[in-house]
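K.L.:
Give me a model of this one.
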Amino acid sequence: MNKINFCPGTLAPGYDTYSTLCLKQMFEGKKTSHLLSYQSHQPTDENEMAELMKNRTLISISGVQEKLSVLWEKGKIRLTVPGKQGTYILKPIPRDLKMVDQVPANEHLTMQIAKQIYGIATAENALVFFQNGEPAYLTKRFDVLKSGEKLGMEDFAALAGKTKETDGREFKYNYSYEEIADLIKQYVPSAPIALENFYRLLLFNFLFSNGDAHLKNFSILETKVGDYQLSPAYDLINTRLHVNDPELALKGGLFKNDYYTESYETNAFYAYDDFYEFGIKIGVLKQRVLKILSGFSSEKPEVQSLVKRSFLNEEAKNIYLQTYKEKLKALNYSFIGLISG
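P.N.:
Residues are numbered from 1 along each chain as shown. As a prediction, this is how the structure comes out:
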């Protein structure tokens, strides 16, 4: 594999493996190899293949991308076996997408940008590498405690009562983001805080072209006192590198009841006015809406810095930055002059 010059976790320069900060965040400070013991996610060795196939039956987290249940053991990340609780999820390179080998680095970069630059609470994550150099995305489970106890967790497809049986194969897309906000008010006791966090996450997904932010990619998580809050963000990725997707994942768009702003009806793209009105509609205070929008519509030089240090190839880095600048331009467009007002 190519020489590593940046931490595969935090992307800090000057490291050929995990930095001290990454070890603390991901592995409780324990020395950990960034290399897996397995040759490939599609091994030719019969024993390795059998182990991988057995593991694929153990994890119940939904999603189309392959997810393997893994745990930390003696400084290595290893596949779990029956009877053992996995504390991490491993996502190898998937199939049937453009630039498919860039998917792990894309998700890792997007999650790091969310956490480091925009202060969004995210699942801890890093890259790991198979023996042949293939990257895989590794994320720490936030619903499993050190004791092995699992916290209650429900995604918004379940909260909305959406299933394949009720809504068909596209069930997780048949909703609007305003309706998610309604569910937050219903299920989260500290709704004002949760709504702000949801609003910020929605803006982030738009700005970084995550066109797959569907109902199952938002969840509520049980707290120590037994109530629920929004879970840390997960599955953040710039989907434009891999598929030709819409601006927003949910078919209902931002607003419920087929409502569109004057700006959207005139220009047919989401811009500043849409997100301003959305924030107000879901109950975020006006001064907070303006402050949050200002933060997301301002260009952040740190984004370019993290992209350059990421494990994406040069072509993917260029597309990533181009899509960021395009969305930034949209967030700085106001049809009715709300930005100056």
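
K.L.:
And the helices in the stretch 1-150 of the chain?
P.N.:
In the stretch 1-150 of the chain, the segments counted as helices under DSSP state H, counting those that start in this stretch are 20-27, 46-55, 103-116.

K.L.:
If you compare the directions of the last one and helix 20-27, what angle comes out?
P.N.:
So that's helix 103-116. On the basis of axes from the mean of the first three to the mean of the last three Cα atoms, to 10 degrees, helix 103-116 is oriented at 100 degrees to helix 20-27.

K.L.:
and the helices of the stretch 1-150 of the chain, which one is worst for confidence?
P.N.:
Comparing mean pLDDT across the helices of the stretch 1-150 of the chain, the lowest value falls on helix 46-55: a mean of 60.

K.L.:
Low-confidence stretches in the stretch 201-341 of the chain?
P.N.:
Confidence mapping of the stretch 201-341 of the chain against pLDDT under 70 gives the ranges 340-341.

K.L.:
Which stretches in it count as strands?
P.N.:
Ranges of strands in the stretch 201-341 of the chain, per DSSP state E, counting those that start in this stretch, are 219-222, 228-230.

K.L.:
which stretch among these comes nearest F204?
P.N.:
When the strands of the stretch 201-341 of the chain are compared by Cβ to Cβ, strand 228-230 sits nearest F204, at 13.3 Å. For the C-beta atoms, the positions are set from N, CA and C on the backbone; glycine is no exception.

K.L.:
Each with direction, which strands does the closest one pair with?
P.N.:
Using DSSP bridges, the strands paired with strand 228-230 are strand 219-222 (antiparallel).

K.L.:
on that earlier part again, could you dump the strands of the stretch 201-341 of the chain into CSV and include distance to F335 and mean neighbour count?
P.N.:
CSV is the format used below for the strands of the stretch 201-341 of the chain (distance: least, Cβ to Cβ, whole Å; neighbours: other Cβ atoms under 10 Å):
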stretch, distance to F335, mean neighbour count
strand 219-222, 34, 18
strand 228-230, 31, 21
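
K.L.:
closest to T239 out of those strands?
P.N.:
Set against T239 and scored by Cβ to Cβ, the strands of the stretch 201-341 of the chain come closest in strand 219-222, at 19.2 Å.

K.L.:
got the contact list for the closest one?
P.N.:
Residues external to strand 219-222 that are found in contact with it (Cβ atoms under 8 Å, 6 or more residues apart in numbering): 142-143, 151-156, 159, 184, 187-188, 228-232, 234.

K.L.:
Kindly reformat the strands of the stretch 201-341 of the chain as a markdown table containing distance to K172.
P.N.:
Formatted as a markdown table, the entries for the strands of the stretch 201-341 of the chain read as follows, by distance: least, Cβ to Cβ, whole Å:
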| stretch | distance to K172 |
| --- | --- |
| strand 219-222 | 12 |
| strand 228-230 | 17 |
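
K.L.:
Which one, of those, ends up nearest to E315?
P.N.:
E315 lies closest to strand 219-222 among the strands of the stretch 201-341 of the chain, at 33.2 Å (Cβ to Cβ).

K.L.:
Noted, bye for now.
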